[in-house]
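[1] here is my input; please provide its structure:
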Amino acid sequence: MDFDRQAIERRDFPIARRGYDPAAVDAHLRALASEFEELQRAGVSGGVDVSLASSAGTHVQSILEAAENAASEIERIAQDSARQVREAARAESERTREDALEKARAHVAAVAQVSTMLLERVGSMDSEVNALVASLRAGAGPFETALETAMDTAMSAPPAPEPTLPPTAPQGADTDLDGARLIALNMALNGESRTDTERYLAENFELPDRLKLIDEVYAAIEG
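    Predicted structure coming up:
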């Protein structure tokens, strides 16, 4: 290596993280120190000007200081970068936690809303069932009344016909209204049509209002 002022005062070291590359600085200083030692040995033997050796020592000292400053700057930048990374990680972790909590709150609120709607629907269905039961009970009243009347009549009337077959027609026309009602009720319960029931009553009973009786019986059954 040529030992001159330009070589000693060079500042074109590679830069890493806004500072000199420590490896390049060390290599340059080692080379410069080696030449400086040779100069010192030559100066002691009288072959080199002492002032030149002193000047070289001063420049070496300045380079060492520059290298130390560069190393300090590199360390400071590294510490700042590490601190920024930690702060960014902490902020991201906090955002993630808040997002998770917000999603959890939204989920709980949605579940609570659905639960409330289901409870309201169950209450509404319960009311509807109660109303239906009450309606069925109310509708069964006329049928129960008609059945009770027919049963009371049957206790004092002639034997009723078989459930599956109409009774044998009596001799002549019959004017027994309760008996006709009981027969019409049995036929309706056995699934006979209105037409068949009306025809049977017309053939075997003389009734003042046969159609009205049939309407009452079938209304009680269908109600």
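[2] average pLDDT across the strand or helix carrying E128?
    Taking DSSP states H and E as the criterion, E128 maps to helix 50-156. For helix 50-156, mean pLDDT is 74.
[3] tell me the helix or strand right after it.
    helix 177-189.
[4] buried residues in the following helix or strand past that following helix?
    Where DSSP H and E defines the elements, the next helix or strand beyond helix 177-189 is helix 194-204. With burial defined by 16 or more other Cβ atoms under 10 Å, the residues of helix 194-204 counted as buried are 197-198, 200-201, 204. C-beta: built from backbone N, CA, C; applies to glycine.
[5] list just the nearest of those residues to I63.
    Ranked by distance to I63 (Cβ to Cβ), these are led by T197 at 128.2 Å.
[6] you'd agree the closest one is up against N190?
    No. With contact defined as Cβ atoms under 8 Å, T197 does not reach N190; the gap is 9.8 Å.
[7] and this structure, what are its domains?
    According to automatic domain parsing, the chain comprises the domains 5-91, 157-222.
[8] now tabulate the buried residues of helix 194-204 in JSON lines and tack on pLDDT.
    What follows is the buried residues of helix 194-204, written out as JSON lines (pLDDT from 0 to 100):
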{"residue": "T197", "pLDDT": "96"}
{"residue": "E198", "pLDDT": "95"}
{"residue": "Y200", "pLDDT": "96"}
{"residue": "L201", "pLDDT": "95"}
{"residue": "N204", "pLDDT": "94"}
